[in-house]
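Engineer: Based on what follows, work out the 3D shape:
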Amino acid sequence: QLQASGGGLVQPGGSLRLSCAASGFTLDYYAIGWFRQAPGKEREWVSYISGSDGTKKYAGSVKGRFTISRDNAKNAIYLQMNSLQPEDTAVYYCIEMDFDHSGTAFPLGSFGRGTLVTVSS
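Structural biologist: Next up is the predicted model:
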């Protein structure tokens, strides 16, 4: 499983960087994504980074504000979140993922521990 960390309380317009760490295996060749679940809402896909060529994809709601990256030397995936808004408040999870033939993101395996991001003044 992958474990997310780095969440916290931030004011609107602020920034946070989330980290995703793996235990027992290396992330180098895995396609990893971030999902989030806001209170009372279904879990939704946020971002993706491929394991092969570094392709990155973002949900429309975060495009231009969030940046996904990987550091193979540290065996970690990051999500830099800028210009945070109250609607970004959610528990964020990282997980191996893929897209189906229609382009819908889906997770592979079980979600591990998420990290809570709260955007509030």
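Engineer: Can you say which helix or strand has residue 51 in it?
Structural biologist: Assigned by DSSP states H and E, residue 51 belongs to no helix or strand.
Engineer: Next, the contact list for it, please.
Structural biologist: Neighbouring residues of residue 51 by Cβ atoms under 8 Å, 6 or more residues apart in numbering: 27, 28, 29, 30, 31, 32. Any C-beta I mention is one placed from the backbone N, CA and C, and that applies to glycine too.
Engineer: With residue 77 instead?
Structural biologist: Counting by Cβ under 8 Å, 6+ apart, residue 77 has contacts 2, 19, 20, 27, 32, 49, 68, 69, 70, 71, 94.
Engineer: For the fifth one, give the beta-bridge partners.
Structural biologist: The one in question is residue 32. Beta-bridge partners for residue 32, by DSSP bridges, are residue 49, residue 96.
Engineer: so who does residue 111 touch?
Structural biologist: 1, 35, 43, 93, 95.
Engineer: Just the ones in helices from those, please.
Structural biologist: Assignment to helices by DSSP state H places none of the contacts of residue 111 there.
Engineer: if we can go back for a sec, from the contacts of residue 77, which would you call buried?
Structural biologist: Neighbour counting over these (16 or more other Cβ atoms under 10 Å) leaves 2, 19, 20, 27, 32, 49, 68, 70, 94 as the buried ones.
Engineer: any idea how far residue 108 is from residue 93?
Structural biologist: As judged by Cβ to Cβ, to the nearest Å, residue 93 and residue 108 stand 13 Å apart.
Engineer: okay, those two: which has more neighbours?
Structural biologist: Legend: neighbour count by other Cβ atoms under 10 Å for residue 93 and residue 108, higher for residue 93 (23 against 12).
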